[in-house]
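In: Turn this into a model:
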Amino acid sequence: MIKILGSATLSALLIFGLNRQAEAQEKKTYTSLTEVWNDVRQYNLTFKSAQIQTELANLAYKTSVGNVINPRMPVTLNLIDNTRLQSNFIPAEIFGGPSGSFREVTFGQQYNTLFSVQPQFDLVNMSSLAQIKSAKINKELTASQNLLNELQIYENLNVTYHNILSLKGQKDILTKNIAIAEQIKNIVTNRHQEGVARKQDVNETEVNRINLLDKMEQLEYNIQIQEKMLALFFENNILPEINENLDVYALENIFSVNAGNAKSRNVALQSQMLRQDIKTLQYQYYPILSFTSSFNWQNLSNDFFFATNSSGISYNFIGLKLGWDFPTVTRLSNIKNKQYQLQTLELNETHVQKETETKAEQLTIEYQKAQSQYKNFKAILDLESDTYQKNLNQYQENILGLDRLLISQNDKLNSQINVVQSLANIAFAKHKIIIHNLY
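Out: As a prediction, this is how the structure comes out:
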């Protein structure tokens, strides 16, 4: 029988499950993106996958080196029972018979055992030599691709990390403004009790406080979402707590941006790999010079295999073999197809090079833009803070209406949030440059 649980029971089970998961995670506090990155490299499964790919590329290279002479040693053992030997007719006069007559003679022996060993290896095989270089380029290409994957993770981590910093900075601001909203409400409530303020004014201060509380709740949900995303970088082995002061990024710093070559090098290696693949296919048209040999031992008997009165025969040979495969339509088509692919890659390589140069300039502009925006928002905040303080004083002196005071508080709040977001943008832009320079 299936029993449907009530919503309260389901909620309790869900909370219990989340708590158990949180208990299994290691809680750790970080004060910089570098600290987070060091642990992400330890826990993220992408790096373990990259290690496997590197080992596979190394194995392919070793295989290509070991296979350059293509050593072979076929070993065969044949046990043949000639249940009915073939008969032939030969002139009887060989045996002293009358001329013109024939005699039926059976040749061969019933039991035939043959053991054969045939060592062979290539002396000159241009295609196999070309595959060594292909495998070497593949090693470099694998390392380059792993580096690009690492760069992508670092860039995504940079986004999530500074989202959390920005949201936490906003949370601190909202906490202070909720306290201010409660102070304003208390002032207006006291005035209402004294009969000098309207009930509508009390209601407005309560609405203002509730709005700020709602913003705080939404902000806390967003922080939880971003922290879950950050924990996923650690494969949920760590429950990270970010504790970095954004104010340190208010100081103006100048960062030089390198050209960056991770992506352009990757595309260049792809082109090299394709050129080498074309060479390998073309070298398959060259003749292959091989050493060949055969060592054989044969046992013949009419009694049974390996009979005591059987006779043994040994025969061997060594030599050179020159082989050549006539070009096929399929091979010619494969070469032409790869040549077209190479043309596309070369165009892409040129585009990526220009894109990389443009990105370096773009990163510099983004950093300067973030700094400029912070200066403007900081100047606005200073003015809004002064306006709010003066409006508060005037309200307490019954010179200014409540609506102007609440508007100035919200203007100050928005300015404070703008300043925090601009600081987070500076930190984000700075680390984008740092990451770009590393790769």
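
In: any idea how far Tyr283 is from Asp39?
Out: The spacing between Asp39 and Tyr283, counted by CB to CB, to the nearest Å, is 48 Å. Quick note: C-beta positions are derived from backbone N, CA and C, even for glycine.

In: try Ala135
Out: Taken as CB to CB, the span from Ala135 to Tyr283 is 15 Å.

In: Now do the strands in the stretch 101-250 of the chain.
Out: Taking DSSP state E, counting those that start in this stretch, the strands of the stretch 101-250 of the chain run over residues 102-106, 111-117, 120-124, 238-242.

In: for the stretch 251-400 of the chain, same thing?
Out: Using DSSP E, counting those that start in this stretch, strands in the stretch 251-400 of the chain cover 288-301, 311-323.

In: Quick one: residues contacting Val40.
Out: By CB atoms under 8 Å, 6 or more residues apart in numbering, the contact list for Val40 reads Ile153, Leu157, Phe233, Phe234.

In: of those residues, closest to Lys412?
Out: Leu157 (33.1 Å; CB to CB).

In: And for that closest one, nearest residue in space, chain neighbours not counted?
Out: Phe233 (5.6 Å; CB to CB, 6 or more residues apart in numbering).

In: what does Asp325 give?
Out: The nearest residue in space to Asp325 (CB to CB, 6+ apart) is Gln284, at 6.8 Å.

In: Could I get the pLDDT score of that neighbour?
Out: We have a pLDDT of 87 for Gln284.

In: What is the burial count for Met73?
Out: Other residues lying near Met73 total 10 when counted by other CB atoms under 10 Å.

In: Quick check: phi and psi on the residue lying closest to it once chain neighbours are set aside?
Out: Residue nearest to Met73 in three dimensions, not counting chain neighbours: Pro119, with 5.0 Å by CB to CB, 6+ apart. Backbone torsions for Pro119, taken as degrees, to the nearest 10, come to phi -60, psi 130.

In: Tell me how far Pro119 lies from Ser293.
Out: With distances taken as CB to CB, Pro119 is found 5 Å from Ser293.

In: now do Val124
Out: Counting by CB to CB - Val124 and Ser293 are separated by 17 Å.

In: Skip the chain neighbours and tell me the closest residue to the residue nearest the centre of the chain.
Out: For the chain, the residue nearest the mean C-alpha position is Asn149 (3.7 Å; CA atoms, centre = their mean). Residue nearest to Asn149 in three dimensions, not counting chain neighbours: Thr46, with 5.9 Å by CB to CB, 6+ apart.

In: pLDDT value on the one you found, please?
Out: Thr46 is given a pLDDT of 94.

In: same question, the one 4 residues further on
Out: In this model, Ala50 is scored at 94, pLDDT.

In: so who does it touch?
Out: Here Ala50 is in contact with Asn146, Asn149, Glu150 (criterion: CB under 8 Å, 6+ apart).

In: For Ile94, give me the pLDDT.
Out: According to the prediction, Ile94 has pLDDT 70.

In: Give me the below-cutoff pLDDT ranges for the protein.
Out: 1-24, 92, 95-97, 100, 103-108, 252, 254, 260 (pLDDT under 70).

In: From the centre of it, point out the most distant residue.
Out: Going by CA atoms, centre = their mean, the residue of the chain most distant from its centre is Pro98, 91.2 Å out.

In: How is it assigned, secondary-structure-wise?
Out: coil (DSSP: H, G, I helix; E, B strand; the rest coil).

In: 44 is where my numbering starts, stick with that
Out: Sounds good: first residue 44 from here, last item Pro141.

In: where's it relative to Pro134, distance?
Out: Applying CB to CB, the value for Pro141 to Pro134 is 10 Å.

In: Likewise for Arg84?
Out: Distance from Arg84 to Pro134, counting by CB to CB: 90 Å.

In: ditto for Leu208
Out: Taking CB to CB, one finds Leu208 at 108 Å from Pro134.

In: More neighbours: which of those two?
Out: Taking other CB under 10 Å, Leu208 and Pro134 do not tie; Leu208 has more neighbours (23 against 13).

In: How about that one: what's its closest non-neighbour residue?
Out: Nearest-residue entry for Leu208: Ala467, 5.3 Å, with adjacent residues in sequence omitted and distances by CB to CB, 6+ apart.

In: next one: Asn391
Out: In space, Asn391 is closest to Val310, 5.8 Å off (CB to CB, 6+ apart).

In: What's the local residue count around the one you found?
Out: Residues near Val310, counting by other CB under 10 Å, number 19.

In: and it, what is it in contact with?
Out: Contact analysis of Val310 by CB under 8 Å, 6+ apart lists Leu388, Asn391, Glu392, Val395.

In: Could I get the buried residue list for stretch 281-291?
Out: Buried residues in stretch 281-291, counted by 16 or more other CB atoms under 10 Å: Ile281, Leu282, Pro283, Ile285, Glu287, Leu289.

In: which ones are touching the fifth one?
Out: Glu287 makes contact with Tyr73, Thr74, Ser75, Leu208, according to CB under 8 Å, 6+ apart.
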